[in-house]
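Let me see the structure of the following:
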Amino acid sequence: MKIRSIEFHDFQKCMSLLDMLDDTQFVLKYNRELEIKFEEMIEWFIKTKLGIFTRSIPPYTADNQKLSLLQLYLMVKSNGGYKNVIDNNLWAVVAKDMGYDYTDGEFMRIMYAMYLDVLVYYYKFKIVQEKAMKKEADEDIAGPSVRDQERRRSVSDVQEDDAKQYFALFAGSDWHGMKKLHKRRRFDFGQAARALDEANKSVLKNSSKLN
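As a prediction, the model looks like this:
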């Protein structure tokens, strides 16, 4: 009932669902229900938040098999996250662990970039933002002397340090290019949409190869 009651009207609901996925036993027990809600979340995020209506949800492989976005999310997460998969070239491993061929690794990379990358990035961004806001509130309670001392490092610096540890950088970007985004303290959906447009171009470029 907890899963079924989730309706996606704001990103806080997305965070609630993603938080549930930290519990492996819970995921195994309610995999089917979570699969349905995960697709609803992706559809809401891509269409409502990013304003993109050209993607089929769920996506399908070249041989018309449904690709589980939930499974892809969990597999990348279990392999250390997007950045670790990219840095260590683990897409072939992700594909094989999902029941596909090693040669489908590039397809998995593109699907992650198109459907999950910006969502996960924004999720991590909100976690760090909330942490920074809590730190700021705790400093206010602690009193002026502690507050003045601690604020030598700005909240944006706290966000940047945590971002280096948590954020999955989306396709085609590097840390230098993302630092400006973190320092603005607001997520730029325009930049996110541009990143996904680049992913769309990548799909078109590789379509003949995938088919």
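
Run a quick neighbour tally on residue 70.
21 (other CB atoms under 10 Å). Yep, even glycine has a C-beta here, placed from its N, CA and C like the rest.

ok, and the closest non-adjacent residue to it?
Computed as CB to CB, 6 or more residues apart in numbering, the closest residue to residue 70 that is not its neighbour in sequence is residue 38, at 4.2 Å.

on contacts alone, who are the packing partners of the strand or helix carrying that neighbour?
Using DSSP states H and E, residue 38 maps to helix 31-44. Judged by 3 or more CB pairs under 8 Å, 6 or more residues apart in numbering; DSSP states H and E, the packing partners of helix 31-44 are helix 11-20, helix 69-78.

Could you list every helix and strand in contact with the last one?
Same thing as helix 69-78. helix 31-44, helix 91-97, helix 105-115.

one step back: from the helices and strands packed on helix 31-44, which stretch is densest packed?
Mean neighbours per residue, mean count of other CB atoms under 10 Å, is largest over these for helix 69-78, with a mean of 19.

ok so, going back, give the buried residues for the helix holding residue 38.
34-35, 37-44 (16 or more other CB atoms under 10 Å).

tell me the average confidence for that helix?
The average of the pLDDT scores along helix 31-44 is 94.

picking up where we left off before, would you tell me which of the helices and strands packed on helix 69-78 gets closest to residue 5?
Proximity to residue 5 (CB to CB) singles out helix 31-44 among the helices and strands packed on helix 69-78, at 9.8 Å.
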